[in-house]
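Asks: sequence? don't have it. structure:
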């Protein structure tokens with residue numbers, strides 16, 4: 001499945017299993033392609049390499065960027081790297097999560113402030129720890145878009161009830177990093193529907209009061 005209403009952005013939805021702390025949950029993941037008819041950046045590498053490669057088609061892939069190291073976002077990253085001749089980028093603070101799924105595969109470092117381009121469209125890496133230590137969002141100013149991974153969803157912050165997660169930290173990331181983006185910025189999430197920064201940040205005090 002591939003869809004998006006925004007030129008320069010395509011969505012693929014794949015289905016698989018998220019595993020952590022001895023539990024497993026069936027999930028649908030959003031994979032985002034950013035670029036044009038010639039080259040793209042793949043954001044997240046969930047479950048189904050064939051579906052992602054089909055959406056890419058014959059285009060050049062600049063990189064496969066993983067927003068964080070949970071297995072459902074990196075499942076097929078090494079395969080895509082080999083098949084598409086593209087590097088995998090991940091914040092190294094999530095290396096321990098990466099090794100749980102890919103003990104023998106490497107990735108390149110994604111750092112706060114890094115800028116990647118696909119056909120002139122810039123993606124700016126913004127470190128947003130909390131859901132995981134290395135969670136990183138990708139802001140595309142020209143598209144008025146941010147790709148939030150599991151840091152921010154329609155309805156609030158990502159989950160922080162499992163290992164390597166922290167609720168006060170994710171709140172700080174949203175307030176101090178994502179909350180500084182223009183309120184009309186569209187949030188393209190790792191799961192589920194899109195939202196806007198302004199529609200979510202107005203609920204910040206409620207999130208704090210909720211305390212989890």
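Replies: Thanks, I have it. For clarity, every value in this text was computed on a predicted model and none was experimentally measured.
Asks: mean confidence for stretch 99-115?
Replies: Stretch 99-115 carries an average pLDDT of 98.
Asks: please list the outside residues in contact with it.
Replies: Outside stretch 99-115, the residues within contact range by CB atoms under 8 Å, 6 or more residues apart in numbering are 63, 65-66, 69, 71, 74-75, 77-78, 87-92, 98, 122-127, 136. All C-beta spots, glycine's among them, are computed from the backbone N, C-alpha and C.
Asks: in PyMOL, how would I select just the buried ones from the residues you listed?
Replies: To isolate the buried members of those in PyMOL, using 16 or more other CB atoms under 10 Å:
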select buried, resi 63+65+66+69+71+74+75+77+78+87+88+89+90+91+98+123+125+126+127+136
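Asks: what residues are bridge-paired with the residue sitting nearest the centre point of the chain?
Replies: The chain has residue 149 as the residue nearest its centroid, 3.0 Å off, counting by CA atoms, centre = their mean. Note on residue 149: beta-bridge partners by DSSP bridges are residue 189.
Asks: how about the contacts made by it?
Replies: Counting by CB under 8 Å, 6+ apart, the residues that residue 149 touches are 44, 67-68, 73, 128, 131, 135-137, 158, 189-190.
Asks: all helices of this protein, in order?
Replies: 49-56, 71-74, 77-84, 95-101, 167-176, 197-201, 204-210 (DSSP state H).
Asks: what comes up buried for the last one?
Replies: Of all the residues in helix 204-210, those buried under the rule 16+ other CB under 10 Å are residue 207.
Asks: which strands and helices sit next to it?
Replies: In this structure, helix 204-210 makes packing contacts with helix 167-176, judged by 3 or more CB pairs under 8 Å, 6 or more residues apart in numbering; DSSP states H and E.
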